[in-house]
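> sharing a model that was predicted from the sequence below.
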Amino acid sequence: MTVPKEISSLIERFDLNLEAYRSGQYNETQLRREFVDPFFKALGWDVDNEKGYAEAYKDVIHEDAIKVGGAVKAPDYCFRIGGARKFFLEAKKPSVNLKEDINPAF
């Protein structure tokens, strides 16, 4: 399987501007709109509900509320197929170092 052209372009652009993205000035919303959303769209996910599905059948729910250990959490993305949750994605701005600080992962 070859990498879709859209994803290759995203990788190249991110790599070319990596220093600016990691500077702390580039925020999570910018990352989501410029890279995360286009990445998943290139993989075939209907991130913006362009098909107009009812809430119960949307492919992607933004800020979905779920209970985790008695607390309600809202991951940035919930990916579903036929209304069934398949996986979650929590985005962080590129300046967050998940290798050294694991708290954002929770």
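Happy to help now that I have it. Numbering: from 1, shown residues only.

> give me the residue at the spatial middle of the protein.
Nearest to the mean C-alpha position of the chain, by C-alpha atoms, centre = their mean, lies residue 36 at 4.6 Å.

> surely that residue is within a helix?
Yes: counting by DSSP: H, G, I helix; E, B strand; the rest coil, residue 36 is part of a helix.

> and the closest residue to residue 24 other than its chain neighbours, what is it in contact with?
Distances taken as C-beta to C-beta, 6 or more residues apart in numbering put residue 95 closest to residue 24, at 4.3 Å, once the chain neighbours are dropped. In this view, the C-beta of every residue, glycine as well, is placed from N, C-alpha and C. Going by C-beta atoms under 8 Å, 6 or more residues apart in numbering, residue 95 touches 21-24, 26.

> over to residue 65?
72-74.

> please, where are all the helices along this structure?
5-16, 18-21, 28-31, 37-42 (DSSP state H).

> now list the buried members of the contacts of residue 95.
21, 26 (16 or more other C-beta atoms under 10 Å).

> what's in contact with stretch 3-13?
35, 38-39, 41-43.

> give me the neighbour count for residue 28.
Per other C-beta atoms under 10 Å, the neighbour tally for residue 28 reads 16.

> what about the closest residue to it other than its chain neighbours, distance to residue 25?
Leaving aside its sequence neighbours, residue 28 sits nearest to residue 93 (C-beta to C-beta, 6+ apart; 4.5 Å). Applying C-beta to C-beta, to the nearest Å, the value for residue 93 to residue 25 is 9 Å.
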